[in-house]
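In: model the following, please.
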Amino acid sequence: MEFFSTVIRFFQAGGEFMYPILAVLVLGLAITIERVLYLRRALAENREVWSTLMPLVNAGKHDEAENVASKSTTAIGRVLGYGLARSRGATSREDVELAMEESLMEVTPQLERRTHYLATFANVATLLGLLGTIIGLINGFEAVSGVNPAQKQDQLSSAVAIAMNCTAFGLMTAIPLLLIHAWLVTKTDELVDSLEMASVKFLNSLGLKK
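Out: Residues are numbered from 1 along each chain as shown. Below is the predicted model:
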């Protein structure tokens, strides 16, 4: 209970710029939760579609495989579906490969969607914290301009301490968001790499000549 009261006092002492920083933090956390759930679901669904499609492709049942891919909304379903559709009239591996690369370029932005906002929010939180501190310092110096010299030092020290709360909160928001952004980028890249690897394995299973 004492911890929460300390946090509340810290927040209230930072001034009005603490509220936009808090809004940035809430938005960043919302995007984080949405992206984590999306990537986990995408990975699980991709594995499920892959385990269903490849046995059909290896057995030469391309029509059934294409039907499964067309009903799937997953990234791997779309990529392999393009490849299966293109393989009907293709005479070379390159034709199918180009079609799958085009599909991969379409699905990759969906996997990366909104992740870049986290880095932007981190920068915004830092800048808001600095701006809040600067404005707090200006107000603090103005407030002590007409104060008795004996009291000026104490009031100025108090004003500086309060103003620095804003920078502290901005950094407390920015650092986690930057770390989360780096982690999500890594996970997204791993998912894209798995799609590229699946595409190569799929092409090899078709047995088309280069």
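In: residues near T186, how many?
Out: For T186, the neighbour count with other Cβ atoms under 10 Å is 10. C-betas here are computed from N, CA, C, even on glycine.
In: one more: S72?
Out: Counted by other Cβ under 10 Å, the residues lying close to S72 total 19.
In: with V26 instead?
Out: V26 has 11 neighbours, counted by other Cβ under 10 Å.
In: what kind of secondary structure is it in?
Out: V26 falls in the helix class when you classify it by DSSP: H, G, I helix; E, B strand; the rest coil.
In: what distance do you get for it to G14?
Out: In this view, V26 and G14 are 16 Å apart by Cβ to Cβ, to the nearest Å.
In: G136 now?
Out: Shown here: G136 relative to G14, a distance of 8 Å by Cβ to Cβ.
In: any shared contact partners between the two?
Out: Common neighbours of G136 and G14 are listed as 162, 166 (criterion: Cβ atoms under 8 Å, 6 or more residues apart in numbering).
In: hey, which helix or strand in the protein has the poorest pLDDT?
Out: Among the secondary structure pieces of the chain, namely its helices and strands, helix 2-13 has the lowest mean (mean pLDDT, DSSP states H and E), a mean of 68.
In: neighbours of G129, how many?
Out: Around G129 there are 27 residues (other Cβ under 10 Å).
In: swap that for A161, sorry
Out: When neighbours are counted by other Cβ under 10 Å, A161 registers 12.
In: separation between it and A125?
Out: The span separating A161 from A125 equals 20 Å under the rule Cβ to Cβ.
In: next one: S158
Out: Distance check for S158 against A125: by Cβ to Cβ, it reads 25 Å.
In: of those two, which one has the most company?
Out: Looking at S158 and A125 with other Cβ under 10 Å, you find the greater number of neighbours at A125, namely 27 against 14.
In: what's the host helix or strand of that one packed up against?
Out: Taking DSSP states H and E as the definition, one finds A125 inside helix 116-143. Counting contacts by 3 or more Cβ pairs under 8 Å, 6 or more residues apart in numbering; DSSP states H and E, helix 116-143 is packed against helix 18-58, helix 149-206.
In: so can I have TSV of those showing distance to L98 and mean pLDDT?
Out: TSV is the format used below for the helices and strands packed on helix 116-143 (distance: least, Cβ to Cβ, whole Å; pLDDT from 0 to 100):
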stretch	distance to L98	mean pLDDT
helix 18-58	19	91
helix 149-206	11	85
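In: and V68, what pLDDT?
Out: As predicted, V68 sits at a pLDDT of 83.
In: now L208
Out: What the model reports as pLDDT for L208 is 60.
In: from the opening residue of stretch 56-63 to its closing one, how far?
Out: End-to-end distance for stretch 56-63: 9 Å, by Cα to Cα, to the nearest Å.
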